[in-house]
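K.L.:
The following block contains a protein sequence and its predicted model.
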Amino acid sequence: MFKRILIANRGEVAVRVIRACRELGVECVSVYSTADKDCMHTKLSDRSICIGPPQPAKSYLNINNIISAAAVTNCDAVHPGYGFLAENPEFEESCTSNDLVFIGPPSKVISLAGNKSRAIEVMRNSRIPVIPGSNGNVKDASNALKFCKRLGYPVIIKASFGGGGRGMRICKDKKDMLYFFPLAVSESKSSFGVGEVYIEKYISKPKHIEFQIVADNFGNITCVGERECSIQRRHQKLMEEAPAVNLSSRTKKIMKEYAIRAAKIINYKNLGTIEFLVDENENFYFIEINTRIQVEHPITEMVTGIDLVKEQIKIASGIKNTLSDSNNKISGHAIEFRINAEDSENKFAPCPGKITDCFLPGGPGVRVDTYIHSNSEISPFYDSLIAKLVIWANTREEAISRSVRALDEFKIDGIKTTIPFHKKILSKDNFKLGKIHTHFIEEEIGI
């Protein structure tokens, strides 16, 4: 086991990793920008190192500064969390070349997964179901029009690198393609540094289902269940559930087998997710691989009892994965709510500022992963996620009732948050019935 781990992240996920380290008896070093000097993760770690000014490019994305911080504190491993450098192959290579273990997959896997069009091509060639689409990147609008004439509309343009809905455009016809193609290329280049896009057949109301993979360094790959990620706004997840809703056990079983097979094809290591879209007839299609611990990992922890962050650390340290179908049972139902510092009444505009008062919900089956407290300063420089409310109960119906109670208890004053919006989602009859898909918010709430 490692002696000391540097956590190359901030906020909620940094606190989460620190807690796992504490329970494993591993020392932890946190990094912070000048804007985060008094943030909770700096107070909970054994030591903290300032790595630069507030701008991410000069601090949390500064590989040299992070590697230097690990070196001067004699760390033997680095945990990237999610976001920032978590899926940057150059960061993994820098860690390795400086005798630091990167707690995640090797750079070769990160590079493949990061190029979505290439990952889809690999899966297609390995007979994993994929959405019909271009074989790799589409160079220009002229080629896009020729391809779509063969494929048929509607289609969706996607950025080959990155995610979060950036670089995505739905095209219903030739006119849309001519208008949106250059916009998608431009957005892809500005967001991810690479203006490469590919095209897929558009599925109108899919479910977004991801499977949690745990893979050690000895070729043992286990899937510890799936998560429902269909409640999204502009391709950004807002809520997740485990297990998936209104999906047959037969389809889940087959998808799980494909997820494990996909991980084996690319020789996956550590934790990650294999993600699919599922249409109304339960036809499913591979869409991407995420090579990090996911924001929504707590719901899997709640229904399995497995500490996924501990598993990450243990696998990276060389411990064999002992998880299997026989000791991996799903119990009950869990829902996660992403509490963002955003104004849902004003196009979800970010709401940085000072939290004047804060009360976190509790009671049976209630977990809050956060870094906030009264007088916390929410910085304008970083992601707006400030907390995750995670609910567990024996049934989905009970989990929804408990969620309503917990959201009512959750008080954050001084800034706007997405708590009221989550209450609105829970009030919808179709949500209660589990009739959810990736366009649920557009149809039910009209945004």
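P.N.:
Done, it's in. Numbering: from 1, shown residues only.
K.L.:
Could you break this structure into its assigned domains?
P.N.:
The record's domain split for the chain, according to automatic domain parsing, is 4-103, 132-201, 207-445.
K.L.:
Residue 118 is nearest to which of the ones you listed?
P.N.:
When these are compared by Cβ to Cβ, domain 132-201 sits nearest residue 118, at 7.1 Å. Yep, even glycine has a C-beta here, placed from its N, CA and C like the rest.
K.L.:
okay, how far is it across that closest one, tip to tip?
P.N.:
Distance between the two ends of domain 132-201: 6 Å, counting by Cα to Cα, to the nearest Å.
K.L.:
Average pLDDT for it, rounded please.
P.N.:
Averaging pLDDT along domain 132-201 gives 91.
K.L.:
Nearest to residue 126, out of the domains of the chain?
P.N.:
Closest of these to residue 126 is domain 207-445, at 4.9 Å (criterion: Cβ to Cβ).
K.L.:
picking that back up, weakest of the domains of the chain by average pLDDT?
P.N.:
domain 132-201 - the lowest mean pLDDT of those, at a mean of 91.
K.L.:
so how far is that one off the chain centroid?
P.N.:
Domain 132-201 sits 23 Å away from the centroid of its parent chain (Cα atoms, centre = their mean, to the nearest Å).
K.L.:
what's the span of stretch 151-161 from first residue to last?
P.N.:
One end of stretch 151-161 sits 23 Å from the other (Cα to Cα).
K.L.:
residue contacts, residue 381?
P.N.:
Shown in contact with residue 381 (Cβ atoms under 8 Å, 6 or more residues apart in numbering): 33, 35, 54, 55, 56.
K.L.:
Now flag whichever of those residues is closest to residue 192.
P.N.:
Using Cβ to Cβ, the contacts of residue 381 come closest to residue 192 at residue 56, 14.5 Å.
K.L.:
Surely that closest one touches residue 83?
P.N.:
No - taking contacts as Cβ atoms under 8 Å, residue 56 lies outside contact range of residue 83: 9.4 Å.
K.L.:
returning to that earlier point: make a markdown table out of the contacts of residue 381 and add secondary structure, neighbour count and distance to residue 128.
P.N.:
Shown next, in a markdown table, are these (DSSP: H, G, I helix; E, B strand; the rest coil; neighbours: other Cβ atoms under 10 Å; distance: Cβ to Cβ, whole Å):
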| residue | secondary structure | neighbour count | distance to residue 128 |
| --- | --- | --- | --- |
| 33 | strand | 23 | 40 |
| 35 | helix | 18 | 43 |
| 54 | coil | 15 | 42 |
| 55 | coil | 14 | 40 |
| 56 | helix | 18 | 34 |
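K.L.:
List every C-alpha atom in stretch 83-91, with coordinates, as CSV.
P.N.:
Taking C-alpha atoms only, stretch 83-91 is exported to CSV below (Å, rounded to 0.1, in the frame of the first residue of the first chain):
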residue,chain,number,x,y,z
GLY,A,83,-12.2,16.8,-14.2
PHE,A,84,-9.1,18.9,-14.6
LEU,A,85,-6.2,16.4,-15.4
ALA,A,86,-8.1,13.2,-14.6
GLU,A,87,-8.3,12.1,-18.3
ASN,A,88,-5.1,13.7,-19.6
PRO,A,89,-2.7,11.1,-20.9
GLU,A,90,0.3,13.5,-20.7
PHE,A,91,-0.4,13.9,-16.9
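K.L.:
contacts for that stretch?
P.N.:
Contacts to stretch 83-91, defined as Cβ under 8 Å, 6+ apart, come from residues 8-9, 13, 56, 60-61, 63, 66, 80, 102, 104, 107-108, 110-111, 113-114, 290-293, 383.
K.L.:
Write a PyMOL command that selects only the buried members of those residues.
P.N.:
Applying 16 or more other Cβ atoms under 10 Å to these leaves a buried subset, and the PyMOL line that selects it is:
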select buried, resi 8+9+13+56+60+61+66+80+102+104+107+110+111+113+114+290+291+292+293+383
